[in-house]
Structure formats: C-alpha cells, structure tokens
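# Generate a structure from the sequence data that follows.
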Amino acid sequence: MSSAVDYEVVIIGTGFAGIGMAVKLQQAGIHSFKLIERSDEVGGTWRDNTYPGCECDVQSHLYSFSFEPKTDWSKKYSTWNEIRDYIISVTDKHDVRKKIQFNTRLEGAKFDKESGTWLVNLSDGSKPRARFVITAVGPLSNPAIPEISGKETFKGPIFHSAQWDHNADLKGKKIAVIGTGASSIQFVPRIAENAESVELFQRSAPWVLPKPDRKIYGIEKALYKYVPGWRLAHRASLYWANEISLRGFLKEKSFIRSIAEWGATKHIHYHIKDESLRKKLTPDFQFGCKRALLSNEYYPALARDNVDVIDTGIERITETGIIDKQGKSHDVDVIIWGTGFKVDEPLMGIDVTGINGQDLNAVWKDNGFESYYGTTVAGFPNAFILAGPNTGIGHTSLVVMIEAQYNYIMDAMAKIKQQDIKYIDVKESVQTEFCQSMQDKMIGTAWTSGCNSWYLSDSGKNFTIWPDYTYNYIHQTKNINLDDYHLEKMNNSLSNESTIPAS
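Residues are numbered from 1 along each chain as shown. From the prediction side, this is the model:
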C-alpha cells in the first residue's frame with residue numbers, strides 16, 4: 001500500500017455485498033480496508049426490515065454465500081432474523097467487525113487524478129484516502145414514501161415497513177396500509193389477525209403465486225452438514241431450476257409464463273370467492289412485467305371480514321385518516337407505508353465526484369443509470385459498485401450476481417497491482433455499447449410488456465434488471481478485460497492507445 005493512502009479499499013455498506021467483499025479481500029491477502037456503516041450493526045436490508053412476516057422469497061440454500069454455506073436453515077425460505085444472524089455469523093467468523101466503522105455515513109467522495117486515489121468524506125469529519133472505493137449500499141436501502149398531501153398532519157403512528165414502529169400498538173386498531181408490494185403481502189396477513197380493520201390502498205394488483213415453503217427437517221440438516229456433496233447438489237438443483245424459469249420472462253409470450261399466470265389466477269379464485277374482490281385483485285398486466293410475489297397467506301387475509309381493498313386512489317391524508325379520490329373519508333388510527341424503496345436514488349444526493357469534476361448523481365440522471373456490468377462507471381476510476389444498475393434479477397438469488405462481481409473486482413485489483421497501474425476508467429464508448437445491448441435484450445421480454453414498474457425509469461428505460469441468464473453474467477465477469485478501460489500507469493504514461501480525457 002502506498003503511504004499516500006490510509007486504506008487500499010474503502011467499502012460503503014455492510015449487508016450481504018459489503019461483508020462478502022471484505023471476506024474476499026482478506027482471502028486474497030488484502031487487509032488494508034475499512035467498511036463504513038451508517039447503522040450500529042451489519043445486515044443491511046435484513047437488519048432494517050423487521051416487520052411482521054418478513055422473510056425471503058428466494059430459497060435459503062441459494063440465498064447465501066457459496067463460500068460460506070449454512071447447513072441448518074430452519075425452513076426453505078428464511079425469515080429476516082435468520083438471514084441477519086447468518087450475515088452476523090459470517091462477519092464474526094472472519095473477524096471483519098474490527099474493520100467496520102459503525103454509526104458513520106458517507107457524506108461524499110472525490111477522485112484525485114494526480115494521486116489516483118479517492119478522498120472519502122465521512123459524517124464524523126474524517127476524510128480517509130483510499131486507492132479503491134466500493135459501494136455496497138444495495139438497491140433496497142432507502143425507503144420510498146409518496147408525496148401525498150397532508151401526510152405530515154396525521155396524528156396517529158405513521159411509518160414505513162422498513163422502519164417498523166414496534167412500539168405502536170396495532171391490536172384493535174383501524175389501520176390503513178398504502179401499497180401492495182413484496183413487503184405488504186407479508187405483513188398485511190399478520191396485522192389483520194388482531195386489528196379492528198385493515199384498509200389496503202392498492203394502486204395496482206400484483207401477481208401472487210403460492211409459496212412452496214416448509215420446515216427443513218433434522219435428517220435433511222444432517223445430510224447438508226455431513227454430506228457436503230448432498231448440499232452442493234441441492235444448491236445446484238435450486239440454481240438451475242430458477243435459471244430455467246427465466247425462460248418465461250425472456251419472451252413476451254411463453255408457455256412457462258402462461259402456466260405461471262394460470263396458477264396465480266387459480267390461487268386468487270381458490271381463496272377469494274367474492275367476484276368484485278377477485279376483479280380488484282386480478283392484475284391488468286402480463287405476468288412478470290412487475291415483480292412476481294410468493295405468499296400463501298395474502299389472499300386468505302384479504303378475504304377476512306375486517307379487511308377491505310381500496311383501489312380508488314388517495315387524494316390526501318388528514319389528521320384522522322385518508323380521503324380517497326372519490327371523496328370518501330377513511331378514518332384510521334395508524335398508517336403504514338408499504339411503498340418499497342428509492343431504487344432510482346441509490347446515493348440519496350451524496351456527492352460523488354469523478355475524474356473531471358462530474359457528479360455521479362447528475363451523470364446518472366442524465367444518462368439513465370448507465371454503467372458497465374453494473375460494476376464500473378465511466379469517469380469514476382478505481383470505483384466499483386456491488387448490485388449496481390442492471391444486475392437485478394427476478395427469478396433467482398441476487399447473491400449469485402454479487403459473487404460474480406467479486407470475481408471481477410478482485411481480478412481488476414490484481415491486474416492493477418501486477419501491471420503497476422495507477423487507475424483504470426471504463427471507456428465511455430464501451431459503456432454506451434454495453435448499455436445499448438441491455439436495452440436491446442429487453443425488447444420482447446416480460447419486463448417491457450407494458451406495465452409501469454419500479455424496474456423502469458421515468459423515461460421507460462429498464463435500468464434494474466439483468467435481461468439474461470445469470471450464468472452468462474458469471475461467465476462474462478469472470479475476468480476483467482483491460483482493453484475496455486483507459487489505463488494510467490504509475491509513471492504517468494498511458495498504457496493503451498486511448499487517452500484519459502483532459503480535466
């Protein structure tokens with residue numbers, strides 16, 4: 001490590017992505033790194049989301065690191081606290097905690113062209129200098145709360161599902177839930193059990209499939225623990241079954257999607273007998289256009305006498321409740337936002353300044369979140385993103401994609417060191433061509449079949465989903481191709497035919 005830097009690497013965030021990256025650095029013999037965490041514990045989204053019923057919709061044995069298996073998952077789809085505890089256990093097993101600076105926020109970061117380093121500005125006033133910066137904040141870290149008039153006037157408890165108020169007494173209360181996303185379908189059944197009433201304000205009905213969940217029995221856990229080949233085969237079977245299911249999303253119309261839509265419709269009809277409610281709960285878009293959800297409890301909860309689905313929209317919020325767009329007043333004691341996350345504001349306004357003084361927020365606003373394999377961004381040398389643009393998946397585990405990024409980043413760092421490179425910066429032409437290929441692949445897929453989803457930007461560009469099989473991503477990111485990058489050598493001479501743009 002050069003004496004000009006405080007750390008070789010600074011990592012922002014300690015969820016799955018950040019902790020796994022730290023482990024990979026240590027395994028490669030890189031120990032000069034620091035993790036920055038805004039909270040007081042690791043875990044990311046699985047630390048923050050503690051709402052009733054919170055659990056994963058990816059199978060436990062796939063939603064975990066391949067290099068750090070857990071053999072005793074309690075059920076096929078794990079709860080939030082079991083996943084959080086897993087991340088904590090990985091952190092402590094690899095002694096990563098001593099590298100974490102808790103209760104500290106990233107305030108900004110600026111690349112210094114002369115030294116080829118990043119000056120990182122932290123909330124405690126410190127400004128460590130690092131050769132590499134890796135953001136691992138994740139797309140589901142900042143709650144989205146709609147701009148509805150009057151929300152600040154409501155007198156009762158009002159909170160987002162990712163900031164659950166466990167001190168709020170919901171028993172016997174009249175509760176309004178705004179939003180019908182992945183979180184809502186999990187917590188609505190739980191709060192409906194003891195509430196006087198639940199009014200679910202729905203903008204659009206999601207497709208919901210039965211969840212094939214069950215307890216994992218002792219004999220299975222023993223096999224996973226004592227017969228590693230059994231566990232590996234099980235993980236592989238989950239992975240390939242999920243990969244096959246992607247075929248149903250890659251075509252606008254497919255047999256797999258037809259079967260899924262038929263199954264989801266049967267799921268509605270089995271639990272919902274009221275025709276008017278069935279109509280409300282039947283999506284008006286093709287299966288897969290928005291995130292498909294899994295639940296065995298959602299529709300039975302909506303069929304309860306104390307639950308009502310409101311699809312007339314919200315005009316405003318008052319001190320005592322909600323006025324819908326038909327002018328009807330809904331008096332409630334509690335309002336819960338089930339409105340997801342700001343996936344289009346990953347930096348939340350934090351200034352990240354590139355090689356020529358450009359701000360990443362402004363760059364992404366202008367070009368619609370362009371990046372190269374969701375990992376590097378033109379104009380921001382020696383900076384890497386984990387779970388960045390177009391790395392999202394709707395059919396399998398995001399951990400699969402993140403682990404592929406680890407390989408790419410570690411290979412980049414190794415080659416930079418071996419070849420005495422000061423910094424690398426992905427060529428804008430390479431990035432533009434890659435992003436265009438992403439949009440070309442989106443044509444004719446489920447994700448572009450006509451709905452308005454959080455996958456899309458305001459302009460209709462899908463900046464979130466990887467529109468291909470994950471094994472192709474794994475193959476394509478196994479090694480970095482330095483021909484895709486501008487290279488600046490330590491002696492300040494350029495190592496390829498392209499030049500770094502002048503500042």
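# okay, CA-based contacts and neighbour counts for the rest of this
Will do.
# all helices for the stretch 301-450 of the chain, in order.
For the stretch 301-450 of the chain, the helices defined by DSSP state H, counting those that start in this stretch occupy 360-367, 398-418, 428-442.
# what's the answer for the stretch 151-300 of the chain, then?
Under DSSP H, counting those that start in this stretch, the stretch 151-300 of the chain gives helices at 184-192, 218-226, 228-245, 247-250, 255-271, 275-281, 298-302.
# Turn those helices into a markdown table, including mean pLDDT.
Formatted as a markdown table, the helices of the stretch 151-300 of the chain follow (pLDDT from 0 to 100):
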| stretch | mean pLDDT |
| --- | --- |
| helix 184-192 | 98 |
| helix 218-226 | 98 |
| helix 228-245 | 97 |
| helix 247-250 | 92 |
| helix 255-271 | 95 |
| helix 275-281 | 97 |
| helix 298-302 | 98 |
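# The ones you listed: which one's closest to residue 426?
Evaluated over these, closeness to residue 426 peaks at helix 247-250, with 28.3 Å, by CA to CA.
# May I have that closest one as PDB, with CA atoms only?
Output of helix 247-250 as PDB, limited to C-alpha atoms (Å, rounded to 0.1, in the frame of the first residue of the first chain):
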ATOM      1  CA  ARG A 247     -37.100 -18.500 -20.000                       C
ATOM      2  CA  GLY A 248     -40.700 -17.500 -19.200                       C
ATOM      3  CA  PHE A 249     -39.500 -13.900 -18.700                       C
ATOM      4  CA  LEU A 250     -37.300 -13.500 -21.700                       C
END
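# So, low pLDDT: which residues of the stretch 351-500 of the chain?
Low-confidence segments of the stretch 351-500 of the chain, defined by pLDDT under 70: 492-500.
# Break down the stretch 251-400 of the chain into its strands, ranges please.
Taking DSSP state E, counting those that start in this stretch, the strands of the stretch 251-400 of the chain run over residues 293-294, 307-310, 314-317, 321-324, 329-331, 334-337, 351-353, 383-385.
# Would you convert these into TSV that also reports distance to residue 482?
Shown next, in TSV, are these (distance: least, CA to CA, whole Å):
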stretch	distance to residue 482
strand 293-294	40
strand 307-310	54
strand 314-317	52
strand 321-324	56
strand 329-331	60
strand 334-337	45
strand 351-353	23
strand 383-385	15
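# List the contacts of the residue nearest the centre of the chain.
The centroid of the chain falls nearest to residue 139 when counting by CA atoms, centre = their mean (3.8 Å). Residues near residue 139 by CA atoms under 8 Å, 6 or more residues apart in numbering: 341-343, 346, 387-388.
# before we move on, the earlier item: turn the strands of the stretch 251-400 of the chain into a markdown table, including distance to residue 393 and mean neighbour count.
Formatted as a markdown table, the strands of the stretch 251-400 of the chain follow (distance: least, CA to CA, whole Å; neighbours: other CA atoms under 10 Å):
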| stretch | distance to residue 393 | mean neighbour count |
| --- | --- | --- |
| strand 293-294 | 13 | 20 |
| strand 307-310 | 29 | 18 |
| strand 314-317 | 31 | 18 |
| strand 321-324 | 34 | 20 |
| strand 329-331 | 37 | 16 |
| strand 334-337 | 24 | 23 |
| strand 351-353 | 26 | 20 |
| strand 383-385 | 16 | 24 |
